[in-house]
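Undergrad: pasting the structure only:
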């Protein structure tokens, strides 16, 4: 694809295990000759071949909130090189990157979400940083103005497609992210033979992921809970766990094999989160594990209510725990079959068709 054309692949900051990073890798696999640019690479990210911006050489790389107002400037001073095609993977300002005039350079952007920090601070508490209150309105105007040159947008979900239309007044095609469903489904026999005797919470331990609510649901359900992940809330969550009425186990930074085993051993994944898409629920379903989560955001696209899990309208722990009693109504085979719709093969085909169409 895009053979004979110079291509720049652009991502925000590059972490070690995030879902957006997984998507960027898949896009890079489709265009292996593309040059890859990021604002900076986190210390624990070992991804080779990334060209970092000048922001990586400053202390601002350690504070996304403080660095945010500078990001549009960084993307516009990223490189003097000019490319035939620029494909950005954006959840902040990467879609505003400009590496050539729109008359000769096709700019495309795959959007994980318009920047929550500036567009929907109530959606994600991290955007409520006092340092962002004053410049937020100005940053919204800048975000729209500096993206006029983008020729085409793709959104990772219908939820994000609607926000792109609301905030930027632009249309976007929907291409769901790739999930390595075959790998999660092909667990060894020892994983498949587990008793499924606990509830599971997976993700970054930050406030909007609602791990305190996950604990409360497990207590109402009267079942052990395993929390897998890492993050700044770890100490707080451990204090809550010490007072819980059910056993709560922490799995800090599990590798892929361990995470797959955790999915296969869980009675259900608890996911009371309003996510843009949510790769974790798809991984769980690939293992035949149902999801109990909020009837919002990406779960409306990844979970079939009453067939591959249950969607709940409220954030009351008892309302979620009630559905734990109904998990036996669900078919693990049906759950796993549903997850196959989100495979990397499907993503590659849809992305290739979209890029080819936009670059004609």
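TA: Happy to help now that I have it. From a predicted model like this one, the values you see are computed outputs, not experimental measurements.
Undergrad: now the helix or strand encompassing residue 283, how far from the chain's geometric center?
TA: Under the criterion of DSSP states H and E, residue 283 resides in helix 279-286. From the chain centre to the centre of helix 279-286 is a distance of 12 Å (Cα atoms, centre = their mean, to the nearest Å).
Undergrad: Which residues does it contact?
TA: For helix 279-286, the external contacting residues (Cβ atoms under 8 Å, 6 or more residues apart in numbering) are 19, 22, 177, 179-182, 184-185, 200, 202-203, 259, 263, 266, 269, 271, 290-291, 293, 298-299, 302-303, 308-309, 335-336, 338-340, 342. (Each C-beta comes from the backbone N, C-alpha and C, glycine too.)
Undergrad: And stretch 234-246, by the same measure?
TA: Contacts to stretch 234-246, defined as Cβ under 8 Å, 6+ apart, come from residues 205, 211-212, 215, 218-219, 222-225, 227, 248, 250, 252.
Undergrad: Greatest separation within those: which pair is it?
TA: The span of these, defined through Cβ to Cβ, is set by 222 and 252 at 25.1 Å.
Undergrad: Now the host helix or strand of residue 72: average pLDDT?
TA: Per DSSP H and E: residue 72 is located in helix 71-76. Computed over helix 71-76, the mean pLDDT rounds to 93.
Undergrad: Same question for stretch 264-273.
TA: Averaged over stretch 264-273, pLDDT sits at 97.
Undergrad: Pull the distance from that stretch to the chain's centre.
TA: Centre to centre, stretch against its chain (Cα atoms, centre = their mean), the figure for stretch 264-273 is 17 Å.
Undergrad: got it, and stretch 323-341?
TA: 22 Å.
Undergrad: Show me the contact partners of the helix or strand just after the helix holding residue 72.
TA: Downstream of helix 71-76, the next assigned helix or strand under DSSP H and E is strand 85-90. Identification of contacts with strand 85-90 by Cβ under 8 Å, 6+ apart yields 2, 5-12, 20, 23-24, 27, 31, 34, 94-95, 97-100, 105-112, 355, 359.
Undergrad: do that again at 6 Å, thanks
TA: Residues outside strand 85-90 that contact it (Cβ atoms under 6 Å, 6 or more residues apart in numbering): 2, 5, 7-11, 24, 94-95, 97, 99, 106-111, 359.
Undergrad: Would you list the buried entries among those residues?
TA: Among these, the ones that count as buried by 16 or more other Cβ atoms under 10 Å are 2, 7-11, 24, 94-95, 97, 99, 106-111, 359.
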